[in-house]
Structure formats: structure tokens, C-alpha cells
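Colleague: Return atomic coordinates for the entry below.
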Amino acid sequence: MCDRSTSPSSLPQSPRGWARRHDQTLHDRWRLKEALGAGSTGTVYRAERLDGGGDVAVKVLHPHAALGTTTRARFVRECELVTKLRHPNIIRFHALGELPDGALAMVMEYVHGESLAARMRRGPMPLPLVRHVVTEVAAALDHAHARGIVHRDLKPENVLVSPREGRALPDVKVVDFGLAKEGALGARVDISLRGEILGTPRYMSPEQLCGVSVDARADVYALGLMTYEMLTGESPYRPARGVAGWADRHLFDDPTPIDAHPVSRALSGEARRTIMRALAKSRENRVDRAGELAACLDAHPVVTRLPRPRRRAVSTEGPARGPRWPTILAAALVAAVLLIGGVLASRDAQSVTRREPAPPALRDS
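Modeller: As a prediction, the model looks like this:
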């Protein structure tokens, strides 16, 4: 059992008519209190420990979902898989059992927090916070991948952030391993009875959308998308709807380069290249490990500074002044004009003197 707590996976708004199971007990250890939220397959309740310990979250499978053997099997498998994963950034499971009314329930950690999706809806996130979230999620994924487990449904709704007392950066937990595969290399994605690929198309890798085998690089692709969106506040792809629409984007559209966004100026060249490599169509060209994506965000951009111009020494007697060439040239031109004018005037005077006849001589009468 783990003393640390986390909230369950994403908690969408409650549908009408969910079962009210307040005050029912599980294993005589936990008593269900208020419902926190519900999804398509189950409802999540806050429960108190009867031994006086901290609260836990209990996910109860809907009766209609429990009728399907596939859904029930995934519910049980989620608990079995995550029980094998002991990591501070992965949700911890305590027990699996049945309530008095026969509903299947699993007990997990609980904290007060919000989903990463809720935080992202408020706009782009600061780089230090993005770096922290990506690092924590990547650590969780690398831990799972090393044990042959691929999440296959990584998305902002399945990452929880909760404030930590006395610390600026939050706790981060990866949750909802209901679609996870153990030994997923070579395994095909699950197909429902209606022929739908299970997962969230907006964050599914191209190979997952095609229904081919998936491995750890499918989770890296999803983390790359989340990193891009956390930094820019936008998806690298045009909006789409449904599996077919998003399949068209992921398979055929080129993602918008992150260089097109102002935030790229705060990233190193390595970070920008690695984020775009995580979005490669072919997994052979993709980043191999989630930790590699996280590490690139620690690299700082290289800023090239131009050399400062040298400052002239300033005399204590006053600012040094260079020669005023326009003034000197003007003065020289004026002097030349005056000199030439003087010479010409002198020549004219001499010429007049030479042409003037001598005065007649005076005669005595």
C-alpha cells in the first residue's frame, strides 16, 4: 500500500441516472461517499477509510458495461497491469473487488487536483512547467515501457497535476491504463464489437490508427503532441472530428513546425528538432524513448551576441572633435575664388594702363 495519493483518471461530467451507492462498503475497509465524476464505463467515488486513514478513489464499473466480457476484462487488466508498476508518477492501485450490489470496483489513490487537459484549456503553459510535466510523464512511460507495458491512451485527460505544499511545481501522475498492453510489441490494437478502434484519435499514432502493431513509440508520439500543445496552445494539425478525420491528419498532413510559434525562440535547436521528430509519421524516424524528449527541453537556446562597438576615449578637456571637412572645403573654395578674382582684376588694371596714351607735353608760349 502506498501512503501517497492521486486522483483517478479524467472525471467527465456525470451522466444522468448513474447508480447512487453512497455508504456502501468494499472489503469492509472503504465506505463510498460522494461521486466525483463518471465516464462511459464507470463512476468514480471518493471513499473514506474505515480505519481512519486518508481518502481513496473507487472506480465502479457501470452495470451495462459489466455485461460485456471485453469491458470487464479490461477493467480487471487495468488493475493487474498497474499493480506491477511501482513509480511515483503512476497511479497506485490498492484493491479490486465487488460491492454488496455485485458491481465490480477498484480502489486507487486520490488527491485534490485537476487534469492536464483542464490546465491546457487556460492557454499555453510556461516553459519551466512544461519541462516539469514532460519530465514526470516521460519517467512514468519509460518505467512502464521497460516492463513491456504500453499505455496506448496517453492524453491530457489521463495526466493529473496537483499542487504540492511549499513547492512551485505540481505532482504529476499518469492514470487510466485501461487500454494498456503488456508485451505490446507485435500486438494489435483492440477493436470493439462495432469495429471501432479504442482510444482517443486526436492523440493516436499513425500506426495505431492503422490497426498495426504498436510499441513504446506510440506513447512517444502522444507525448510529442502534448508537449507541442502545452508550449503553443495549439495542435500541430488542423481540427478534425472522429477517427476518420484524425486519421487523415496523422497519416497525411504535415504538422505545423514549432518554429512558426513565438515560443520557439525560447527553445534550443535540439529541442525544436526533437519535438518534431516525436511527431514523425514513421516510427522508425521517431524519438525512441520518452526520456529523450524530456531531456531535450533542458537544453538552453544558443544566443549569438554581436560585439559591442568600441567607445572612443574622451578627453578631460572636452569631447574630441574630428576635422570639419565641409567647412574646410567651403573656405578653400571661397579663398580660391577670391584669389582668382584678384589676379584677374590685377591683369585688367595693367592692361588699361598700357593702352592709356601719354599726356601731351606742355609747350611754352
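
Colleague: what are the ranges of the helices in this structure?
Modeller: With DSSP state H as the criterion, the chain has helices at 63-66, 69-83, 116-120, 127-146, 206-209, 216-232, 242-252, 269-278, 290-296, 325-355.

Colleague: Tell me where the model's unsure across this structure.
Modeller: Applying pLDDT under 70 to the chain flags residues 1-20, 65-68, 183-198, 302-365.

Colleague: could you measure the nearest residue to Leu141 once chain neighbours are set aside against His300, distance?
Modeller: Among residues not flanking Leu141 along the chain, Ala290 sits closest, at 4.1 Å (CB to CB, 6 or more residues apart in numbering). Using the backbone N, CA and C atoms, a C-beta is placed for each residue, glycine as well. In this view, Ala290 and His300 are 21 Å apart by CB to CB, to the nearest Å.

Colleague: Tell me which of the two has more neighbours.
Modeller: Taking other CB atoms under 10 Å, Ala290 and His300 do not tie; Ala290 has more neighbours (28 against 11).

Colleague: What distance do you get for Val44 to Leu225?
Modeller: In this view, Val44 and Leu225 are 26 Å apart by CB to CB.

Colleague: Likewise for Ser40?
Modeller: As judged by CB to CB, Ser40 and Leu225 stand 22 Å apart.

Colleague: Looking only at neighbour counts, state which of these two leads.
Modeller: For Ser40 versus Leu225, neighbours defined as other CB under 10 Å are more numerous around Leu225 (25 against 10).

Colleague: And the more buried one, how far from Tyr203?
Modeller: Separation of Leu225 from Tyr203 (CB to CB): 6 Å.

Colleague: repeat for Val134
Modeller: Applying CB to CB, the value for Val134 to Tyr203 is 14 Å.

Colleague: What are the structural domain limits within this protein?
Modeller: Per automatic domain parsing, the structural domains of the chain span 25-108, 114-296.

Colleague: Span of stretch 94-108 from start to end?
Modeller: 6 Å (CA to CA, to the nearest Å).

Colleague: What are the contacting residues of it?
Modeller: Residues from elsewhere that reach stretch 94-108 (CB atoms under 8 Å, 6 or more residues apart in numbering): 1-2, 6, 8, 19, 21, 24-27, 29-30, 32, 47, 56-61, 63, 66, 72, 75-76, 78-79, 91-93, 109.

Colleague: Any figure for the gap between the residue nearest to Leu141 and Arg131?
Modeller: 14 Å.
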